[in-house]
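Colleague: next comes the sequence, and after it the predicted model I'd like to discuss.
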Amino acid sequence: MSRPRTVHRCRACEAVTVRWAGRCPACGAWNALVEEAVPAAVTPASSRPGRPAGAEHDLVAHGAAEAAAPLSLGEVDLAGGAPRPTGIEELDRVLGGGLVPGSVTLLGGEPGVGKSTLVLQLLAAVASAGRRVLLVSGEESAQQVRLRAERLGPLPPLLRLFDATDVTAIAAAIGDESPALVVVDSIQAVADPAVNGMPGSLAQVRACADLLVHLAKSLMVPMILVGHVTKDGALAGPRALEHLVDTVVTVEGDRHHALRLVRAVKHRFGPTGELGLFEMGEAGLGSVADPYRLLLGDRRLGASGSAVLPAMEGQRALLVELQALTSMTSVGTPSRRSAQGVDGGRLGLLVAVLENRAGIPLRQIDVFCSAVGGIRVTEPAADLALALAVASAGSGVPLPPDLVAFGEVGLTGEIRQVPHASRRLAEAARVGFRHAVVPESCPAGPPGMELLHVHSIRQAIDLASGAVPPA
Ligand code: TYD
Ligand code: MG
């Protein structure tokens, strides 16, 4: 593709675009674009360092932004930089209030977890509030998107769909439509014809994201790029985008379970660590105000091998049931250690500590452990509850049903303190738990919650099973 010798500058706002349009994509002024020779000072993003030679786009470059001069921090204009609520409360919580104009958010998650469903609901919410939005669907056909959207609710007329994969066509459509929000589903499906490589290749993903990010900034339109993550966490492309975008939001959850955890792992406009909870149902993703029902609703009280952990997911405490089952290892086979939703390496370590420091024989025993509800618990604070569940499974003695436990287990069998003790205890007390096995240094809990302070795993097992009364 040859480099254009001219660009078009808007008489109203000085924005520069490669292709002529009746309406300025930046400010919306009609018949304001005037052709002029390519000036040295305004370099289309396509010829910026890092962009492959020959990649030309109808990119809008804003003259004023390009010629920015240093200024005092206090002079920075904050107008227009405030987040705008999306209308989906759990998402706004994760985003620190909503989407910031001109910001680019990468929405990552495994295939099938619910990314397309979430963005469709988000677009419908914004469109229903009277703002024009654009969904670029490079992955699903227009018919598929419509059918899914109809299942989720009425079709708002301001929800516009563009079934395309060519990033230059997408950029032009964004300019023409002037939407209040753009979603590209997915970044791995779009391609730049001027760049070598298949859609989804690193070069393509980077080139397309680079173009779209510049477009979002120059048009001040918030943009969401959907990116698939593979099971082993390799974001085949999207991870390479994390530094390009302002915000990285992940959707997690087991596709065989209803619960979905949405969190910001990078956020330039607010804190990370906020957790949004959704439940996948017949009509898409619904907000979960109280995850207690989903996570502990079907718990069998009085069963051995079950312990409840007040886990921290970001800034939010969630009560998660950890289960263990032990059985004799078949003759001639090595003992199995199976972990689902908990860390396998951690389980191996805890089994060794239980054997060597607490005298629980597990050598010829298979140990199976899982976190219930499709949740993954990897924090060291889960050690104590997991060890208690294994010990309870081994002895057949159930733990009291109103007991929670948290603490890190060290190699000498000592129980170490963990962060957010008060928040964990408050959540446990809120839903009716009355006893907590905690590290010795743990501060006092809320009213009605009796703390059993322990310094070793042996002591924890004895106290929790009621073998000795608390001191
Ligand atoms: P999807 O949003 O397509 O996932 P992603 O874009 O992350 O690949 O979600 C797909 C799954 O969600 C699919 O297995 C069906 C399920 N689903 C529901 O259970 N209810 C619904 O209302 C919708 C739209 C999807
Ligand atoms: Mg999808």
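Modeller: The structure has been received and is ready for your questions. Ligands and ions are numbered 1, 2, ... in the order given.

Colleague: and the one helix or strand residue 170 maps to, what does it pack against?
Modeller: Using DSSP states H and E, residue 170 sits within helix 167-177. With contacts taken as 3 or more Cβ pairs under 8 Å, 6 or more residues apart in numbering; DSSP states H and E, helix 167-177 sits against strand 133-137, strand 159-162, helix 202-219. Every residue, glycine included, has its C-beta placed from N, CA and C.

Colleague: who does the following helix or strand past it pair up with?
Modeller: Using DSSP H and E, the next helix or strand after helix 167-177 towards the C-terminus is strand 181-185. Counting by DSSP bridges, the strands paired with strand 181-185 are strand 133-137 (parallel), strand 223-228 (parallel).

Colleague: make JSON lines out of these and add mean neighbour count, mean pLDDT and distance to residue 425.
Modeller: Below are these laid out as JSON lines (neighbours: other Cβ atoms under 10 Å; pLDDT from 0 to 100; distance: least, Cβ to Cβ, whole Å):
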{"stretch": "strand 133-137", "mean neighbour count": "26", "mean pLDDT": "97", "distance to residue 425": "43"}
{"stretch": "strand 223-228", "mean neighbour count": "26", "mean pLDDT": "94", "distance to residue 425": "37"}
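
Colleague: re earlier: how distant is the helix holding residue 170 from the center of its chain?
Modeller: 27 Å (Cα atoms, centre = their mean, to the nearest Å).

Colleague: and it with helix 202-219, angle?
Modeller: 20 degrees (axes from the mean of the first three to the mean of the last three Cα atoms, to 10 degrees).

Colleague: and helix 167-177, which residues are buried?
Modeller: Residues of helix 167-177 classed as buried: 167-168, 170-175, 177 (neighbour count, 16 or more other Cβ atoms under 10 Å).

Colleague: same check on stretch 451-470?
Modeller: For stretch 451-470, a neighbour-count test (16+ other Cβ under 10 Å) marks 451-454, 456-465 as buried.

Colleague: please apply the same query to stretch 136-152.
Modeller: 136-140, 145, 149.

Colleague: any idea which strand is longest in the chain?
Modeller: Longest strand of the chain, by residue count under DSSP state E: strand 316-328.

Colleague: pull up the pairing partners for the following helix or strand past that one, direction included.
Modeller: Once strand 316-328 ends, the next helix or strand along the chain (criterion: DSSP H and E) is strand 337-340. Sheet pairing of strand 337-340 (DSSP bridges) gives strand 365-371 (parallel).

Colleague: one step back: would you mind finding the most buried of the helices and strands packed on helix 167-177?
Modeller: Stretch with highest mean neighbour count among these: strand 133-137 (a mean of 26; mean count of other Cβ atoms under 10 Å).

Colleague: got the CA coordinates for the helix or strand just after that one in PDB?
Modeller: With elements assigned by DSSP H and E, the helix or strand that comes after strand 133-137 is helix 142-152. Extracted in PDB, the C-alpha atoms of helix 142-152 (Å, rounded to 0.1, in the frame of the first residue of the first chain):
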ATOM      1  CA  ALA A 142     -24.300 -10.800  12.800                       C
ATOM      2  CA  GLN A 143     -27.100 -13.400  13.000                       C
ATOM      3  CA  GLN A 144     -25.400 -15.100  16.000                       C
ATOM      4  CA  VAL A 145     -25.000 -11.800  17.800                       C
ATOM      5  CA  ARG A 146     -28.600 -10.800  17.200                       C
ATOM      6  CA  LEU A 147     -29.900 -14.100  18.400                       C
ATOM      7  CA  ARG A 148     -27.900 -13.900  21.500                       C
ATOM      8  CA  ALA A 149     -28.800 -10.300  22.100                       C
ATOM      9  CA  GLU A 150     -32.500 -11.200  21.800                       C
ATOM     10  CA  ARG A 151     -32.100 -13.800  24.500                       C
ATOM     11  CA  LEU A 152     -30.700 -11.200  26.800                       C
END
